[in-house]
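Visitor: Predicted model, plus sequence, below.
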Amino acid sequence: MNLKMYGWNQHLEETPLNLESGQSVGRVISEYKGQYKLITERGEYLAEVAGKMRHQADTREDFPAVGDWVIIRERPSEHKATIDRLLPRFSKFSRHAAGGATVEQIVAANIDTIFLVMALNHDFNIRRLERYLTLAWESGANPVVLLSKADLCSDLKTKIAEVEAIAFGVPIISVSALHDDGKDQFADYLSLGKTAVFLGSSGAGKSTLTNWLCGKDIQLVNTVRADDDRGRHTTTNRELIILPNGGVLIDTPGMRELQLWTASEESLDHSFSDIETLAAACRFRNCTHHNEPGCAVQAALQDGRLTQERYTSYLKLQRELAFVKRKTDVQERLKEKARWKNIHKEMRRRH
């Protein structure tokens with residue numbers, strides 16, 4: 001099995017592997033409740049995390065995710081393997097895991113391109129796209145807005161203009177799998193050694209697009225409800241798929257909610273660079289953009305250069321990132337305190 005077909009590239013060629021006797025390299029192609037499916041030069045294996053790795057893991061981030069490259073010990077006779085450690089990730093798309101706890105969920109790792117899939121029907125939502133872009137910029141991968149179901153849209157130029165108004169510098173492509181239109185636009189993003197991921201809500205057409213690019217039915221496709229164009233989850237878990245023309249694609253379940261995980265102001269600034277540019281022209285450097293004289297942001301709101309909806313979305317995401325940062329800071333302090341407590345306990349035990 002040639003691992004280049006599964007995304008092995010020049011970056012990984014230059015990564016020190018430090019293999020011990022009996023170890024080899026594999027890539028996680030699917031994961032379900034702590035069980036992993038790997039691809040190696042010898043083929044596919046079911047795998048579990050080694051006890052030492054599990055013991056040393058502090059958070060979910062320390063465990064494998066789909067797309068991860070891992071150092072393993074193969075057991076060919078059993079068609080199984082043990083994962084000893086992760087190779088360093090060069091990118092990852094994470095979100096706040098569902099539920100009340102502040103926990104990171106890595107959706108996909110070691111990806112070059114993030115296709116933010118949004119259908120040109122009732123799924124079209126600029127405010128949700130702003131949220132996806134904020135997390136995409138933080139991932140280390142390059143975002144591309146993928147407008148699907150172009151055959152359902154009678155005003156494509158208007159929709160593209162709406163996306164261009166908030167996705168500065170981000171490539172935008174529109175396709176129709178039904179009419180087999182636009183497949184050539186993927187060529188720059190899906191070639192040998194490159195990995196991409198489809199992200200979007202249920203009903204956006206991710207599984208249909210995957211089947212279209214593969215030239216055959218790889219993923220089950222459900223019809224959307226006629227009354228609101230909403231879809232059910234078709235893909236139930238993340239899976240890495242080889243494309244016939246080169247490249248690797250990770251299909252993901254639709255996301256009904258996308259809570260922010262990372263707390264980087266840079267990603268927010270990148271997504272809302274228009275507001276940041278306006279803010280740089282404010283009279284006061286510490287302007288809060290409310291009632292201060294000489295506020296360029298308020299001036300833009302008043303003369304229509306900036307919409308109230310765009311500004312409200314910016315404030316909402318800003319508050320959410322600040323909240324996540326406060327919670328993660330507290331967790332980091334507690335984790336560090338527990339780590340030193342264990343170190344001191346071990347030192348006392350030895351003496």
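Guide: Nice, I can see it. This is a predicted model, so every value here is computed, not measured.

Visitor: what about residue 42, how many neighbours?
Guide: The tally of other residues near residue 42 (other CB atoms under 10 Å) stands at 13. Bear in mind the C-beta positions are built from the backbone N, C-alpha and C, glycine included.

Visitor: Please report phi then psi for it.
Guide: Per-residue torsions, residue 42: phi -100, psi -10 (degrees, to the nearest 10).

Visitor: per-residue confidence at it?
Guide: Residue 42 is assigned 92 on the pLDDT scale.

Visitor: Likewise for residue 291?
Guide: On the pLDDT scale, residue 291 gets 84.

Visitor: In stretch 170-189, which residues are buried?
Guide: Neighbour-count burial for stretch 170-189, counted by 16 or more other CB atoms under 10 Å, picks out 170, 172-177, 182-183, 186, 189.

Visitor: Please tell me how far it is from the chain's geometric centre.
Guide: The chain centre lies 20 Å from the centre of stretch 170-189; the measure is CA atoms, centre = their mean, to the nearest Å.

Visitor: Next: stretch 145-161.
Guide: So, by CA atoms, centre = their mean, the centroid of stretch 145-161 is 23 Å from its chain's centroid.

Visitor: quick one: average pLDDT of that stretch?
Guide: Taken as a whole, stretch 145-161 has a mean pLDDT of 95.

Visitor: Pull out the C-alpha coordinates of that stretch and format them as CSV.
Guide: Extracted C-alpha coordinates of stretch 145-161, given in CSV (Å, rounded to 0.1, in the frame of the first residue of the first chain):
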residue,chain,number,x,y,z
VAL,A,145,-16.4,28.1,0.6
LEU,A,146,-18.2,25.4,-1.4
LEU,A,147,-21.7,26.4,-2.5
SER,A,148,-23.5,23.2,-3.4
LYS,A,149,-26.8,22.5,-5.2
ALA,A,150,-26.2,25.4,-7.6
ASP,A,151,-29.0,23.9,-9.8
LEU,A,152,-31.5,25.1,-7.1
CYS,A,153,-30.4,28.7,-7.2
SER,A,154,-31.8,31.3,-9.6
ASP,A,155,-29.7,34.2,-8.3
LEU,A,156,-26.2,32.6,-8.1
LYS,A,157,-24.3,35.9,-8.6
THR,A,158,-26.2,37.5,-5.7
LYS,A,159,-25.4,34.6,-3.4
ILE,A,160,-21.7,34.7,-4.3
ALA,A,161,-21.6,38.4,-3.7
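
Visitor: which outside residues touch that stretch?
Guide: The contact list for stretch 145-161, computed with CB atoms under 8 Å, 6 or more residues apart in numbering, reads 115-121, 124, 129, 163, 167, 170-179, 181-182, 198, 200, 204-206, 208-209.

Visitor: Might you specify the subset of these located within strands?
Guide: Under the assignment DSSP state E, these contribute 115-119, 172-174, 198, 200 to strands.
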